[in-house]
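S.K.: What follows is a predicted structure for the sequence shown.
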Amino acid sequence: MASWFHSRRKFYFQMMLAVLVIAVLGRVFFKGYGFFINQQITDQKKVLADQTKIEDSYKLLTGYNKLQAVKSLESKQSDIPWSDHINKVIQMLENIKSVQSNNSIVLSDFKVDLNKISLKGQVSSLALLYYSNPQQKVVGLLDRFSQLDFIKDIRIQTYDKVADTGVFEFVLEANVINDGNSK
């Protein structure tokens, strides 16, 4: 029994010695690994500091500031195909002029900006503004404007009957869609 007890103590001693050796080796490994990681962090901080210094020197240049201002303006501005819009308005007005009837539409005082289109006009009958009948190929002025794909919220702001002539004067307004993608 004494030999069994002695071998058991020897076994526990060897196990504790192995755990101690593994712990010491693990500590040495993690200390070395930590040293190399800290060295890489120090190197990266130095590279970052150098790059920050270079960036700061660029920011002091006048050309850099102008470039950043231009980039900012370009990101905030969208291209609006006004040439297409103008052609469509002119084509619509030519269609209105070519309509042969006893009724008359007279348009004037166009005001166009990036957000709104407005115009003044006179019609001999309110039906010319509001009435459309596709079978008879009659299209009211409001429907003609609503066919333009770059405007929305079309409305007649005011209309008044002129007592002397019997025509109606009106003011038409519409909002412009500023998405730059109208076709």
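M.R.: Sure thing, it's come through. Numbering: from 1, shown residues only.
S.K.: List the beta-bridge partners for residue 159.
M.R.: residue 170 (DSSP bridges).
S.K.: right, and it touches residue 170 too?
M.R.: Yes - using Cβ atoms under 8 Å, residue 159 makes contact with residue 170 at a distance of 3.8 Å. To be clear about C-beta, it is placed using only N, CA and C from the backbone, and glycine gets the same treatment.
S.K.: More neighbours: which of the two?
M.R.: residue 170 (20 against 15; other Cβ atoms under 10 Å).
S.K.: Mind pulling up the pLDDT for that one?
M.R.: The model reports residue 170 with a pLDDT of 85.
S.K.: residues touching it, list them.
M.R.: Residue 170 sits next to 120-123, 129, 156-160 when contact means Cβ atoms under 8 Å, 6 or more residues apart in numbering.
S.K.: Low-confidence regions, this structure specifically.
M.R.: Residue ranges of the chain with pLDDT under 70: 1-6, 77-85, 88-89, 92-103, 178-183.
S.K.: what about the strands in it?
M.R.: 105-112, 116-123, 151-161, 168-176 (DSSP state E).
S.K.: So for the longest one, what gets flagged as buried?
M.R.: In other words, strand 151-161. Within strand 151-161, the residues that count as buried by 16 or more other Cβ atoms under 10 Å are 151, 154, 156.
S.K.: For this protein, which segments count as helices?
M.R.: In the chain, helices defined by DSSP state H lie at 2-59, 62-76, 82-98, 127-130, 141-146, listed in chain order.
S.K.: Adding mean neighbour count and distance to residue 164, write these out as TSV.
M.R.: Formatted as TSV, these follow (neighbours: other Cβ atoms under 10 Å; distance: least, Cβ to Cβ, whole Å):
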stretch	mean neighbour count	distance to residue 164
helix 2-59	10	70
helix 62-76	10	51
helix 82-98	13	24
helix 127-130	17	19
helix 141-146	17	23
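S.K.: who's in contact with the nearest residue to residue 117 once chain neighbours are set aside?
M.R.: Spatial nearest neighbour of residue 117, chain neighbours left out: residue 174 (5.0 Å); criterion: Cβ to Cβ, 6 or more residues apart in numbering. By Cβ under 8 Å, 6+ apart, the contact set of residue 174 is 116-118, 145, 151-155.
S.K.: Okay, residue 174 and residue 19: tell me how far apart.
M.R.: From residue 174 over to residue 19 the distance is 85 Å, taken as Cβ to Cβ, to the nearest Å.
S.K.: Residue 138 too?
M.R.: Distance, residue 138 to residue 19, by Cβ to Cβ: 100 Å.
S.K.: again, but for residue 25
M.R.: 11 Å.
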